[in-house]
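Q: structure, please.
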Amino acid sequence: MERDKLQSRLGFIMLSAASAIGIGNVWKFPYVVGQSGGGYFVLIYLIFLLILGIPMLTMEFSVGRGSQKSPMESFRVLEPSGTNWHIHGYVCLAANYLLMMFYTTVAGWMLKYFYITSIGEMSGLTADQINKIFGHTIGDTSGQLFWMAITVILGIAACYGGVQQSLEKVTKYMMTALLIIMLVLAGYSISSTGAKEGLDFFLTPNLERLRQVGILKVIVMAMNQAFFTLSIGIGSMAIFGSYIGKEHSLLGEAIQVSVLDTFVAMTSGLVIFPLCYTYNVNVSAGPSLIFLALPNVFSHMPIGHIWGGLFFLFLSFAALSTVFAVFENIVSMVMEMFNCSRKNSCLINLVGLLVLGAPCALGFSVWAWPWLKVFGGTILDLEDFLVSNLLLPCGALVYLLFCVKDSGWGWNNYYAEVNAGDGAKVKPWMRNYFTYVLPIIILFIMIYGIWEKFFL
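A: Next comes the predicted model:
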């Protein structure tokens, strides 16, 4: 079976960035910044993105390009004879399915809010009425299933025509539209009356706010955000490395993808915080900031249904960009696992993902069980915990050890692959940092995440 290839370097960067850019950038990043006191969190986040996120991203890209296979087969191709690194391929497949089991539901919320905001359904509503809309959204069994199904169908449709003919083209147009919408919204927001206060909170490090939140807590939250924003560890990035040639070094490509990912997150802050200060919205409102607080803003703005529609279209594009990229990973892995065509893999996964997405969609109503309280109360919280606190850090550690250990692919092979082509290079002195420091950071993230969930 001939392997798909990307048509251009821009397509690779757009698709890789699309996988990274998602609700973590446009939903989680702003509210975590709000809860963490603003400027110092942003500064520490950028530092950890540089020293943790980018190095790990080069490893996934390298394993993908070095093997020219999906995560299902990449370890098997590169591992020394007699070793069992390839088992992680099955973990990657399970983790990608688990991620989409809840991500498609949340993406469906974005689509619904884009629709109801655009048609003016939320214009002029009171805060209580807006709160009731979100309560109805998550409690409406048929509605939850409908919007989740729309997300799944769109994702499979984007992958059905192949990487070049369908996914690459769709992603380029969607990412371009996303960036344009963001810039338009940011331009409007920073011209609002609360822009000075909002930008000061977002971009100016303030020692008093840092002390109020807690220095250790801010550092840990920034470290987590820098790690999880790129979704490293489950092969979501490795697949796109397998579709490109060796014209450019992978450190340079990782830097470009990370810059684009960070640009989206930072622009989200430029959109949200000036509006919060203009309309007296609590910036530390937490996860409800997007679905409860900001709709209150748009409901009272002049032509708010247009600005609100653009905002939720931006959120929808960001969420769908990740859905499309992860679906491609899943489709590719199933193709290699069963040696089947892209068409058959898409049809299998259309049914499979609709079935697998149902528990999360129903988890706020008919399948809301008391035993889930320890994870946050819903099936979504359980699935998110398994992916974010276990599978991502464990998977990242596997990729890291595979690239630096002689019992795996080994440093020399990784070093040759990551540096092949023009662009920024990994230096020999980095070997000790990758081998001894990065594993400690990843283990700390994993252990602290579990400790925080069950013991704090």
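
Q: what number of residues lie near residue 413?
A: Neighbourhood size, residue 413 [other Cβ atoms under 10 Å]: 16. C-beta coordinates here come from the backbone N, C-alpha and C atoms, glycine included.

Q: wait, doesn't it sit right on residue 65?
A: No. The criterion here is Cβ atoms under 8 Å, and residue 413 misses it with residue 65 at 11.6 Å.

Q: need the residues that contact the lowest-mean-pLDDT helix or strand in the chain.
A: Of all helical and strand segments in the chain, the minimum by mean pLDDT, DSSP states H and E falls on helix 288, at a mean of 70. Helix 288 is contacted from outside by residue 134, using Cβ atoms under 8 Å, 6 or more residues apart in numbering.

Q: equivalent analysis for stretch 411-418, please.
A: Outside stretch 411-418, the residues within contact range by Cβ under 8 Å, 6+ apart are 58-59, 61-62, 65-66, 78, 249-251, 403-404, 425-426, 428, 431, 434-435.

Q: one more pass at 10 Å, please.
A: Residues from elsewhere that reach stretch 411-418, judged by Cβ atoms under 10 Å, 6 or more residues apart in numbering: 55, 58-59, 61-67, 78, 241, 246, 249-254, 399-400, 402-406, 408-410, 424-428, 430-431, 434-435.

Q: please flag which of those residues sit within helices.
A: Counting by DSSP state H, the part of the contacts of stretch 411-418 found in helices is 55, 58-59, 61-67, 78, 241, 250-254, 399-400, 402-404, 430-431.

Q: can you say which of those are buried?
A: Buried by 16 or more other Cβ atoms under 10 Å: 55, 58-59, 61-67, 78, 241, 250-254, 399-400, 402-404, 430, out of those.

Q: can you list the weak-confidence ranges in the protein?
A: Counting by pLDDT under 70, the chain contains low-confidence residues at 1-5, 164, 286-287.

Q: buried stuff in stretch 298-312?
A: Buried residues in stretch 298-312, counting neighbours by 16+ other Cβ under 10 Å, are found at 298-299, 301, 304-305, 307-312.

Q: may I have it exported as CSV, CA atoms only?
A: C-alpha atoms of stretch 298-312 as CSV (Å, rounded to 0.1, in the frame of the first residue of the first chain):
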residue,chain,number,x,y,z
PHE,A,298,-21.6,39.3,23.8
SER,A,299,-25.3,39.4,24.8
HIS,A,300,-24.9,43.1,25.8
MET,A,301,-22.5,44.3,23.1
PRO,A,302,-23.6,46.2,20.0
ILE,A,303,-24.0,43.6,17.2
GLY,A,304,-22.9,41.1,19.9
HIS,A,305,-24.3,38.2,17.9
ILE,A,306,-21.8,38.9,15.2
TRP,A,307,-18.8,39.2,17.5
GLY,A,308,-20.0,36.3,19.6
GLY,A,309,-20.6,34.2,16.4
LEU,A,310,-17.0,35.0,15.3
PHE,A,311,-15.6,34.1,18.7
PHE,A,312,-17.3,30.7,18.8
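
Q: helices of the stretch 201-350 of the chain, start to end?
A: Remark: helices assigned in the stretch 201-350 of the chain by DSSP state H, counting those that start in this stretch are 207-213, 215-228, 238-241, 250-278, 288, 294-300, 304-338, 342-362.

Q: the longest one vs helix 250-278, what angle?
A: I take that to be helix 304-338. Interaxial angle, helix 304-338 versus helix 250-278 (axes from the mean of the first three to the mean of the last three Cα atoms, to 10 degrees): 150 degrees.

Q: and helix 304-338, which residues are buried?
A: Residues of helix 304-338 classed as buried: 304-305, 307-336 (neighbour count, 16+ other Cβ under 10 Å).

Q: one more: the second one?
A: Neighbour counts over helix 215-228 (16+ other Cβ under 10 Å) mark 218-228 as buried.

Q: for that helix, name the packing helices and strands.
A: Judged by 3 or more Cβ pairs under 10 Å, 6 or more residues apart in numbering; DSSP states H and E, helix 215-228 is in contact with helix 29-35, helix 39-48, helix 207-213, helix 250-278, helix 392-404, helix 438-455.

Q: for residue 191, find the nearest of those helices.
A: Residue 191 lies closest, by Cβ to Cβ, to one member of those: helix 250-278, at 8.4 Å.

Q: now the closest one against helix 54-67, angle please.
A: Interaxial angle, helix 250-278 versus helix 54-67 (the same axes, to 10 degrees): 140 degrees.

Q: list the buried ones in helix 250-278?
A: By neighbour count on 16+ other Cβ under 10 Å, the buried set for helix 250-278 is 250-258, 260-262, 264-278.

Q: now do stretch 91-109
A: For stretch 91-109, burial by neighbour count (16+ other Cβ under 10 Å) applies to 91-93, 95-109.

Q: you'd agree residue 326 is up against residue 97?
A: Yes. Contact criterion Cβ atoms under 10 Å: residue 326 and residue 97 qualify, at 9.3 Å.

Q: need the overlap of contacts for these two.
A: Contacts common to residue 326 and residue 97, judged by Cβ under 10 Å, 6+ apart, are residue 234.

Q: quick one: which two of the buried residues of stretch 298-312 are the most distant?
A: The distance between the two most remote of the buried residues of stretch 298-312 (Cβ to Cβ) is 14.7 Å, for 299 and 310.
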